[in-house]
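>>> Generate a structure from the sequence data that follows.
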Amino acid sequence: MDQYWPLVLFVISASVTPGPNNVMIMSSGVNYGVKKSLPHLFGIAAGFTLMVFLAGIGFGSFFIDYPLFHDLIKFIGTLYLLFLAWMIATTSNVSLENQHSKPFSFLQAALFQWVNPKAWVMITGAVALFISGSSNILSDVLLIAFSFFLFGTPCVCIWLFFGVGLKKYMTDPVHLKRFNVSMALLLVLSILPAIKELVVSYIL
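This next block holds a predicted model:
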């Protein structure tokens, strides 16, 4: 592939911008700290990389052939994200040191990628832009997946450590309440394009 650096720039710009993964990992950093959030972080990295690979080798074509199924996944994902936003907004009464609080597990975070609208947009864009169409498609797909793992994961880490940096200001329950509500609203804003697309397709 002769477009490696454009691919890297695409991965970084797409991965560092606000989205469900970044909002949720920052919220996890505030509420649970780095150590408890690591399975969540690794689940994002592994799950997203696997999605890139499967989409690149042909899973994406399934959604092209059966767009209704793709829209169903987006609809389920949107509902799930709205539920998660509500859960984040209502965690304000949970102490930061509460041992009964549980962040996302590795498997939960990995499986979440499949219902993350922004993840599908990023993957579709990367596959469409950076697969050369030559007979060596597998190597192109592996390079794209590896690039997301290598450069995308640190972008998510930035959000985690930003959340951890805010933790010292969140010992006040009022501040924690305001932060979690703000993160919930940001999560909802991040899925508005997906909601708009569904509304335009099936209601308007």
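
>>> lowest average confidence, helix or strand, in this protein?
helix 60-65 (a mean of 61; mean pLDDT, DSSP states H and E).

>>> Next SSE downstream of that helix?
Remark: after helix 60-65, the chain's next helix or strand is helix 67-89, criterion DSSP states H and E.

>>> Export that following helix to CSV, keeping only CA atoms.
Extracted in CSV, the C-alpha atoms of helix 67-89 (Å, rounded to 0.1, in the frame of the first residue of the first chain):
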residue,chain,number,x,y,z
PRO,A,67,-28.8,-3.1,4.2
LEU,A,68,-31.8,-3.8,6.4
PHE,A,69,-29.7,-6.0,8.7
HIS,A,70,-27.1,-3.2,8.9
ASP,A,71,-29.8,-0.7,9.9
LEU,A,72,-31.1,-3.2,12.5
ILE,A,73,-27.7,-3.4,14.1
LYS,A,74,-27.5,0.4,14.1
PHE,A,75,-30.9,0.7,15.6
ILE,A,76,-30.1,-1.8,18.4
GLY,A,77,-26.8,-0.1,19.0
THR,A,78,-28.4,3.3,19.2
LEU,A,79,-30.9,2.1,21.8
TYR,A,80,-28.1,0.4,23.8
LEU,A,81,-26.0,3.6,23.7
LEU,A,82,-29.0,5.6,25.0
PHE,A,83,-29.4,3.1,27.8
LEU,A,84,-25.7,3.5,28.6
ALA,A,85,-26.0,7.3,28.6
TRP,A,86,-28.8,6.9,31.2
MET,A,87,-26.6,4.6,33.2
ILE,A,88,-23.7,7.0,33.2
ALA,A,89,-25.9,9.9,34.1
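
>>> For it, the averaged confidence score.
If you average the pLDDT over helix 67-89, you get 74.

>>> That one: how far from the chain's middle?
Centre-to-centre, helix 67-89 and its host chain are 12 Å apart (C-alpha atoms, centre = their mean, to the nearest Å).

>>> Now for residue 76: which residues touch it?
residue 115 (C-beta atoms under 8 Å, 6 or more residues apart in numbering). (Glycine included, C-beta is placed from N, CA and C.)

>>> Helices along the chain, start to end?
With DSSP state H as the criterion, the chain has helices at 4-16, 20-54, 60-65, 67-89, 106-112, 117-130, 137-147, 153-166, 173-190, 192-202.

>>> Let me know which of these is tucked in deepest.
Of all the helices of the chain, helix 20-54 has the most neighbours on average by mean count of other C-beta atoms under 10 Å, namely a mean of 22.

>>> just to revisit the earlier point, mean pLDDT lowest where, among the helices of the chain?
Among the helices of the chain, helix 60-65 scores lowest, with a mean of 61.

>>> from what I can see residue 22 touches residue 157, true?
No. Residue 22 lies out of contact with residue 157 (C-beta atoms under 8 Å); the separation is 10.2 Å.

>>> how close does residue 125 get to residue 115?
According to C-beta to C-beta, to the nearest Å, residue 125 and residue 115 sit 18 Å apart.

>>> In space, what's closest to residue 157 - neighbours in sequence excluded?
Among residues not flanking residue 157 along the chain, residue 41 sits closest, at 6.8 Å (C-beta to C-beta, 6 or more residues apart in numbering).
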